[in-house]
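Participant: based on what follows, work out the 3D shape:
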Amino acid sequence: MSKEMIKALRGLMIFAAVLVLAVLHLDKVFFAIGLVLNILQPFLIGGAVAFIINLPMKAIEGKLFKGKGKISRWKRPISFVLAILAVVLVLGAVFMLIIPQLGATIHELAIKIPAFAQDAVALLTELFENNPQIQEYIVAMDFSKWDWNSILTKVADALSSGIGTMLVSTVSVATSIFGVVFDFVISFVFAIYLLMQKERLAGQGERVMRAYLPEKLYSKIQKVLRLLYKNFASFISSQCLEALILGALFVVVMSIFRFPYALLIGTLIAVTALVPIVGAFIGCVVGAFLILVENPVLAISFVVLFLVLQQLEGNLIYPRVVGSSVGLPAIWVLVAVSVGGSLFGVIGMLVFIPITSTLYTLLREDVNERNAKKTGYKAAKDCKQENTKAGSGAAKDRKQENAKAGSGAAKNRKQENAKAGSGAAKNRKQEYTKAEERKRKNAAGTKRNSKTEGSAPKDK
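Facilitator: Below is the predicted model:
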């Protein structure tokens with residue numbers, strides 16, 4: 001067994017042991033996590049504030065400080081101050097729209113509630129007069145049998161315990177307010193430090209990860225962090241734009257149909273719509289209550305109008321503005337909001353959409369990569385099979401061509417050999433005939449010579 005395999009098994013065994021211990025002591029694990037989160041809460045809030053302020057600050061730096069002149073050394077503080085002023089102006093404008101309208105509405109409610117109560121009393125009186133059985137039921141109730149001493153004792157005990165609880169609650173609220181202010185100061189200071197030194201802190205984090213992590217894991221973490229930043233920035237920008245569009249839509253439509261408190265309700269819906277999907281319904285409840293005191297029939301009409309505009313916003317505006325910006329289908333936006341809200345409330349709704357978008361993007365890329373590999377392997381296999389078939393066919397064709405060529409060559413050689421043999425036999429026959437003729441001629445010449453030699457002495 002190799003050293004890498006032993007190291008992997010050792011890490012797996014340690015992870016399994018830690019997981020078993022965590023499951024056996026789950027309550028202590030959750031307590032420890034809660035304690036750590038409580039300690040880190042100001043810093044987490046400061047990080048969130050720094051991330052939100054960084055969006056306008058980065059835009060201001062890119063637009064106003066493009067060059068590298070003398071003022072470039074002051075671009076970060078100036079951009080930070082301008083971003084803070086922009087956020088404060090937006091929040092101030094919202095409060096200036098809401099608070100005067102809310103004060104006027106409360107004043108009108110204070111004037112109209114007595115009249116509303118008189119109308120309610122008149123309505124109940126008319127109800128009792130038209131339904132005598134209700135009066136008979138009330139008269140039939142024998143209040144003399146009630147133990148009034150016991151009732152008064154219980155009321156006194158409730159009041160005394162209520163006063164003590166109120167004092168404890170007052171001290172608790174004062175302590176909570178002091179804690180909130182203290183945490184806010186720490187968070188804001190931490191956010192300022194993060195924004196002023198963001199490049200340096202990012203570089204330090206990269207060096208630490210590169211030093212202690214393998215290169216492949218470091219690259220993957222860098223990719224995930226860049227994707228998270230992109231999704232969170234896109235989500236915040238698009239969510240603010242969507243809330244602004246929805247609030248303006250309500251103000252315009254309510255003004256056209258002559259609904260009361262159009263500006264107040266539109267602003268409330270725009271603010272509450274920063275919470276995905278369910279936030280606008282909070283504004284609807286408040287707006288319906290305000291209109292109910294003014295005119296109950298208009299309150300019903302407002303609820304119908306809200307449902308219509310909410311369907312328009314949910315099916316047309318939200319998927320195009322928010323869903324397309326984070327690259328997440330509408331069904332997964334709903335799942336992210338439901339799960340995040342169930343686990344961590346409003347913060348979970350806001351955070352889980354970018355996280356789900358990041359997971360969805362990573363899963364989609366991995367699925368596409370795996371399918372591409374399988375498709376490439378299948379294509380290579382098909383190509384190999386095609387090449388094998390083509391090679392087999394070519395070999396068969398070559399064999400047939402060679403066989404045909406060999407048969408033709410053998411036939412040609414046979415014909416040539418036959419022709420050569422026939423010619424050689426003919427030549428040999430001709431040579432034999434010529435030799436026979438020479439032989440006969442030689443024999444004839446010899447015979448003549450012998451006759452000549454025999455006749456020569458007679459002449460002497």
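Participant: what comes up buried for stretch 102-113?
Facilitator: By neighbour count with 16 or more other CB atoms under 10 Å, stretch 102-113 contains the buried residues Leu102, Thr105. Heads up, the C-betas are built off the backbone N, CA and C, glycines and all.
Participant: got a list of contacts for that stretch?
Facilitator: Tyr261, Leu264, Leu290, Val293, Glu294 (CB atoms under 8 Å, 6 or more residues apart in numbering).
Participant: show me what contacts the most centrally placed residue in the chain?
Facilitator: With distances taken as CA atoms, centre = their mean, Ser357 lies nearest the centre of the chain, 1.8 Å away. By CB under 8 Å, 6+ apart, the contact list for Ser357 reads Asn231, Phe235, Val326, Gly327, Leu328, Trp332, Ala336.
Participant: which among those residues end up buried?
Facilitator: Buried members of those, scored by 16+ other CB under 10 Å, are Asn231, Phe235, Val326, Leu328, Trp332, Ala336.
Participant: ok, the second one to Leu227 distance?
Facilitator: This points to Phe235. Phe235 sits 12 Å away from Leu227, going by CB to CB, to the nearest Å.
Participant: what ranges do the helices span in the stretch 51-200 of the chain?
Facilitator: In the stretch 51-200 of the chain, the segments counted as helices under DSSP state H, counting those that start in this stretch are 75-130, 132-140, 148-196, 198-212.
Participant: could these be laid out in JSON lines, adding distance to Val321?
Facilitator: Output for the helices of the stretch 51-200 of the chain, formatted as JSON lines (distance: least, CB to CB, whole Å):
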{"stretch": "helix 75-130", "distance to Val321": "18"}
{"stretch": "helix 132-140", "distance to Val321": "54"}
{"stretch": "helix 148-196", "distance to Val321": "27"}
{"stretch": "helix 198-212", "distance to Val321": "28"}
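Participant: now these as CSV including distance to Ile45 and mean pLDDT?
Facilitator: CSV is the format used below for the helices of the stretch 51-200 of the chain (distance: least, CB to CB, whole Å; pLDDT from 0 to 100):
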stretch, distance to Ile45, mean pLDDT
helix 75-130, 15, 79
helix 132-140, 56, 67
helix 148-196, 4, 76
helix 198-212, 17, 89
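Participant: so for Thr272, which of these sits nearest?
Facilitator: helix 75-130 (11.3 Å; CB to CB).
Participant: what about the stretch 351-460 of the chain, any weak spots by pLDDT?
Facilitator: Applying pLDDT under 70 to the stretch 351-460 of the chain picks out residues 377-384, 386-399, 402-429, 432, 435, 443-460.
Participant: same thing but at 90, please
Facilitator: For the stretch 351-460 of the chain, applying pLDDT under 90 flags the ranges 351-366, 368-460.
Participant: Phe43 contacts Ser187, doesn't it?
Facilitator: Yes. Assessed by CB atoms under 8 Å, Phe43 is found in contact with Ser187 at 7.3 Å.
Participant: those two: who's more crowded?
Facilitator: Ser187 (20 against 15; other CB atoms under 10 Å).
Participant: any idea how far the more buried one is from Met57?
Facilitator: 17 Å.
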